[in-house]
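Student: Next come a sequence and a model predicted from it.
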Amino acid sequence: MLSDELKKDCVDNIDNYSLDDIEAKLSVICVRNKVNFDLEQPEEKKETVFNLNTVEDDSSLGLPAWVQRVQAVAKEKNI
């Protein structure tokens, strides 16, 4: 999460710094560099697209009510 360059001071002085000193210095570096500790990759936002042009106008297909309503409105407006 931190580059070698950012950790260089702590690595070079590992024998001179206490564990608390190292934690404090690395914590400050993380905050200053806005390190993201989230190990999971962010999901890409996917757009949902519906195409009703190929759906048959048949209520026996068990289409969801919202699809049937969209089809009814489209017919009313001659879309």
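Tutor: Cool, the structure landed.
Student: How about the contacts made by Leu6?
Tutor: Counting by C-beta atoms under 8 Å, 6 or more residues apart in numbering, Leu6 touches Ile29, Asn33. The C-beta positions use only the backbone N, C-alpha and C, and glycine is treated the same way.
Student: try 6 Å this time
Tutor: Leu6 sits next to Ile29 when contact means C-beta atoms under 6 Å, 6 or more residues apart in numbering.
Student: Name the residues of the strand or helix carrying it that are buried.
Tutor: Here Leu6, judged by DSSP states H and E, is contained in helix 4-12. Neighbour-count burial for helix 4-12, with 16 or more other C-beta atoms under 10 Å as criterion, is recorded at Leu6, Cys10.
Student: Give the rounded mean pLDDT of that helix.
Tutor: Computed over helix 4-12, the mean pLDDT rounds to 91.
Student: same for whichever helix or strand comes after it, what does it pack against?
Tutor: Sequence-wise, the next helix or strand downstream of helix 4-12 (DSSP H and E) is helix 19-32. Applying 3 or more C-beta pairs under 6 Å, 6 or more residues apart in numbering; DSSP states H and E, one finds that helix 19-32 contacts helix 4-12.
Student: Look up how far Asp9 lies from Asp38.
Tutor: To Asp9, Asp38 is 26 Å away according to C-beta to C-beta, to the nearest Å.
Student: quick revisit: okay, the helix holding Leu6 in PDB with CA atoms only?
Tutor: Taking Å, rounded to 0.1, in the frame of the first residue of the first chain, the C-alpha atoms of helix 4-12 are listed here in PDB:
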ATOM      1  CA  ASP A   4       9.400   1.800  -1.000                       C
ATOM      2  CA  GLU A   5      10.200   5.400  -1.200                       C
ATOM      3  CA  LEU A   6       7.600   6.400   1.400                       C
ATOM      4  CA  LYS A   7       8.800   3.600   3.800                       C
ATOM      5  CA  LYS A   8      12.500   4.300   3.300                       C
ATOM      6  CA  ASP A   9      13.000   6.300   6.500                       C
ATOM      7  CA  CYS A  10      11.400   3.500   8.600                       C
ATOM      8  CA  VAL A  11      13.300   0.700   6.800                       C
ATOM      9  CA  ASP A  12      16.600   2.600   7.100                       C
END
